[in-house]
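Undergrad: Next comes the sequence, and after it the predicted model I'd like to discuss.
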Amino acid sequence: MKAWINVIAVVVLLTLLPFGTSLSEELHQKGQQVFQSKGCVACHTIGGGRLVGPDLKGVTQRRVEEWLRKWLKDPDTMIQTDPIAKEMLKEYLVPMPNQGLTEEDIDALISYFKHEDNKQINNKEE
Ligand code: HEC
C-alpha cells in the first residue's frame, strides 16, 4: 500500500517538474515581448549601446531589484526623489516617461533583464 503512494508521488512530481521550468521560461519570454511592445526598444538596447536611455546590459547587477521595481512603476517620482535617478537624468537629459506598466509587466521585465545578464556572465566564462 505504502509503495503505491510513493509511486504516485514520484509520478506526480515528474509531471510537475517540466511545468515548473517552463513557467520561468515563459516569464522572461513575456518580458521580452513587453520590452518590445511597450516601446522600450525605442530608447534602450541590451548590450547594443546607449540610445536615448542607457544600455540595460548589466542593469540587474548595478541596481537592486527593489530599485528597479520602483523605477519601472513610477520613474516620474523617482526622478524627483531618488539620488540615483537624479544622477541618471543629469547624464541622459531626457526624463524616461512613465510607461504605464502593470505589476505583471514589471515581474516579466525583471525576469527578462536577469535572464539577459546571466547569459552575458555565462558567455564571458566560456
Ligand atoms: C523616451 C525614451 C524611453 C523609453 C520609451 C523608455 N525609457 Fe527607460 N530610460 C530612459 C532614460 C532617458 C533613462 C535614464 C534616466 C532618465 O534620464 O530618466 C532610462 C532609464 C531606464 C532604466 C534604468 C537604467 C539604469 O541604468 O539604472 C531602466 C531599467 C529602464 N529605463 C527601463 C525601461 C523599460 C523597461 C522601458 C519600457 C517599458 C523603458 N525604459 C522605456 C528613456 C526611456
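TA: The structure has been received and is ready for your questions. Computed from a prediction, not measured in an experiment: that's the story for all the values here.
Undergrad: Pretty sure Ala85 sits against Pro75.
TA: Yes. If you go by Cβ atoms under 8 Å, Ala85 and Pro75 touch, sitting 7.1 Å apart. For the C-beta atoms, the positions are set from N, CA and C on the backbone; glycine is no exception.
Undergrad: So the residue minimising distance to the centre of the chain: helix, strand or coil?
TA: Closest residue to the average C-alpha location of the chain: Ile110 at 1.7 Å, with Cα atoms, centre = their mean. At Ile110, secondary structure determined by DSSP: H, G, I helix; E, B strand; the rest coil is helix.
Undergrad: next structured bit after the helix or strand bottoming out on mean pLDDT in the chain?
TA: Counting by mean pLDDT, DSSP states H and E, the chain has its least confident helix or strand at helix 2-37, which shows a mean of 78. Remark: after helix 2-37, the chain's next helix or strand is helix 59-62, criterion DSSP states H and E.
Undergrad: what's that following helix packed up against?
TA: With contacts taken as 3 or more Cβ pairs under 8 Å, 6 or more residues apart in numbering; DSSP states H and E, helix 59-62 sits against helix 103-125.
Undergrad: So His28 versus Asp107, what's the distance?
TA: 10 Å (Cβ to Cβ, to the nearest Å).
Undergrad: wait, I meant Val94
TA: 26 Å.
Undergrad: For the host helix or strand of Thr77, give me every contacting residue.
TA: Taking DSSP H and E as the criterion, Thr77 maps to helix 75-81. Here helix 75-81 makes contact (Cβ atoms under 8 Å, 6 or more residues apart in numbering) with Lys70, Trp71, Ala85, Lys86, Leu89, Pro95, Met96, Pro97, Asn98.
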